[in-house]
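1. Okay, here's the prediction I keep looking at, along with the sequence it came from:
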Amino acid sequence: MAEEYGVAQMTIWQAIKLLKAENLLVSWRGRGVFVSDGTQTTEADEPTDESLEAVIERLVELEARVAVLEGKAKRSKAR
């Protein structure tokens, strides 16, 4: 679009951001940006990168805790 309209890519991203703020566009990560029909879920209703990163971080912590507990259980059974 930037090339087609002869503007900087940042200008395109700012325009998309403004149109999304006005609920004229809707976007989904990995799918694209679409004209809103007023019934679609907006990106604000979907998890953000930050919330996904927090979930991943928590899963890594839980995985480590489970590994420790499983290690203790294996040692107990071996006795």
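-> In hand now; what should we look at?
2. Okay, now the unreliable bits of this protein?
-> 39-51, 79 (pLDDT under 70).
3. how about the helices in it?
-> Remark: helices assigned in the chain by DSSP state H are 2-5, 9-21, 49-78.
4. Among these, which comes closest to Gly38?
-> helix 9-21 (13.4 Å; C-beta to C-beta). Bear in mind the C-beta positions are built from the backbone N, C-alpha and C, glycine included.
5. just how off-centre is the closest one within its chain?
-> Relative to the mean C-alpha coordinate of its chain, helix 9-21 is positioned 19 Å out (C-alpha atoms, centre = their mean, to the nearest Å).
6. next one: stretch 70-79
-> With C-alpha atoms, centre = their mean, you get 38 Å for stretch 70-79.
7. coming back round to it: with mean neighbour count and distance to Gly30 as extra columns, can I get the helices of the chain in CSV?
-> Output for the helices of the chain, formatted as CSV (neighbours: other C-beta atoms under 10 Å; distance: least, C-beta to C-beta, whole Å):
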stretch, mean neighbour count, distance to Gly30
helix 2-5, 9, 21
helix 9-21, 13, 16
helix 49-78, 10, 12
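8. Please name whichever of those is nearest to Val35.
-> Using C-beta to C-beta, the nearest of these to Val35 is helix 9-21, at 8.8 Å.
9. rewinding a little: kindly reformat the helices of the chain as CSV containing distance to Gly32.
-> Listed next are the helices of the chain as CSV, based on distance: least, C-beta to C-beta, whole Å:
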stretch, distance to Gly32
helix 2-5, 16
helix 9-21, 11
helix 49-78, 17
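10. residue contacts, Trp13?
-> Applying C-beta atoms under 8 Å, 6 or more residues apart in numbering to Trp13 gives no contacts.
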